[in-house]
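Asker: Give me a 3D structure for the following:
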Amino acid sequence: MPRILVVEDEKPIAQIIEFRLKKEGFQVDSVATGEQAIAYVRKNVPDMILLDIMLPGLDGFATCREIRRMAQVPIIMVTAKEAEGDKILGLELGADDYVTKPFSPRELIARVKAVLRRTSSTQTAGDSSNGVPEPTKITIGPLTVDSSTYEATRNGEKVALTVREFELLRYLMVHPGRVLTREQLLKEVWGYECPVDTRTVDVTVRRLREKIEDDPAAPQFIQTRRGVGYFFQSPSTEERGDDSL
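Answerer: Numbering: from 1, shown residues only. Below is the predicted model of the structure:
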């Protein structure tokens with residue numbers, strides 16, 4: 001079963017999270033500080049990290065930034081902060097999702113399973129909607145995504161992507177030219193069946209553009225269809241989308 005690292009300084013909350021995760025069959029380790037989390041990841045990268053923001057010493061944002069330098073492990077931020085800016089900052093630092101306290105254990109487990117399910121299905125190159133297996137490696141123009149190694153390259157050079165960025169890029173490349181709504185992307189890439197803040201998609205698209213585009217403000221690959229969503233376009237295609245989010 002997947003191993004999950006819980007980073008939470010409030011012991012009662014950590015115990016509740018650990019109990020519910022173990023009840024679902026997950027292996028769980030817990031630490032109380034960002035420094036301990038970083039030391040843990042250096043020795044043994046878990047399958048997922050549940051990371052609180054309000055930690056003593058090194059906070060969750062700084063911890064997330066440091067972990068991202070070492071590994072592309074999925075990270076869900078668990079925070080009492082409800083401000084939109086805190087959520088966006090967590091996503092921009094590489095978190096795959098966030099859960100706001102107080103949260104229901106059922107919601108937390110659903111988020112954990114959704115992230116792990118998408119990670120697993122991408123790594124094993126799941127079936128497409130028409131039943132035809134999707135290829136492990138996809139190349140369009142200078143971009144290549146390879147789900148067997150979970151790596152993306154541009155002109156042969158590796159592009160450092162988070163798990164969610166890789167999944168989003170791969171899904172868009174699997175459906176080139178197809179306009180996908182934010183709700184569709186949340187369902188197919190994030191694995192959400194219920195409504196979630198679609199700003200999550202916009203933030204991830206912006207981060208992705210910064211990594212694969214020569215000019216993120218005038219993207220070649222990930223185009224915007226204003227009021228609808230996004231689509232992947234080969235640079236050789238003449239049609240252009242609306243560059244704004």
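Asker: Least confident secondary structure element in this structure?
Answerer: Across the helices and strands of the chain, mean confidence by mean pLDDT, DSSP states H and E is lowest for helix 84-92: a mean of 70.
Asker: That helix: what's the following helix or strand?
Answerer: strand 97-100 (DSSP states H and E).
Asker: helices or strands up against that next one?
Answerer: Using 3 or more Cβ pairs under 8 Å, 6 or more residues apart in numbering; DSSP states H and E, the elements in contact with strand 97-100 are strand 75-79, helix 84-92, helix 105-123. Quick note: C-beta positions are derived from backbone N, CA and C, even for glycine.
Asker: Which residue would you name as the spatial centre of this structure?
Answerer: Arg164 (2.6 Å; Cα atoms, centre = their mean).
Asker: For that residue, which non-adjacent residue is spatially closest?
Answerer: What sits nearest to Arg164 in space, not counting adjacent residues and going by Cβ to Cβ, 6 or more residues apart in numbering, is Asp96, at 4.4 Å.
Asker: again with Pro219
Answerer: Glu213 (4.7 Å).
Asker: So for that neighbour, what pLDDT did the model give?
Answerer: Note on Glu213: pLDDT of 94.
Asker: repeat for Arg106
Answerer: Checking the pLDDT column for Arg106, the value is 84.
Asker: burial count for it?
Answerer: Counted with other Cβ atoms under 10 Å, the neighbours of Arg106 add up to 9.
Asker: Same check on the one 5 residues further on?
Answerer: Counted by other Cβ under 10 Å, the residues lying close to Arg111 total 22.
Asker: cool, Glu188 as well?
Answerer: Glu188: 18 surrounding residues under other Cβ under 10 Å.
Asker: so who does it touch?
Answerer: By Cβ atoms under 8 Å, 6 or more residues apart in numbering, Glu188 lies in contact with 171, 180.
Asker: Tell me the spacing between it and Arg170.
Answerer: 11 Å (Cβ to Cβ, to the nearest Å).
Asker: can you check Leu58 too?
Answerer: From Leu58 to Arg170 the distance is 32 Å (Cβ to Cβ).
Asker: neighbour count winner among these two?
Answerer: Neighbours were counted for Leu58 and for Arg170 using other Cβ under 10 Å; Arg170 has more, 22 against 16.
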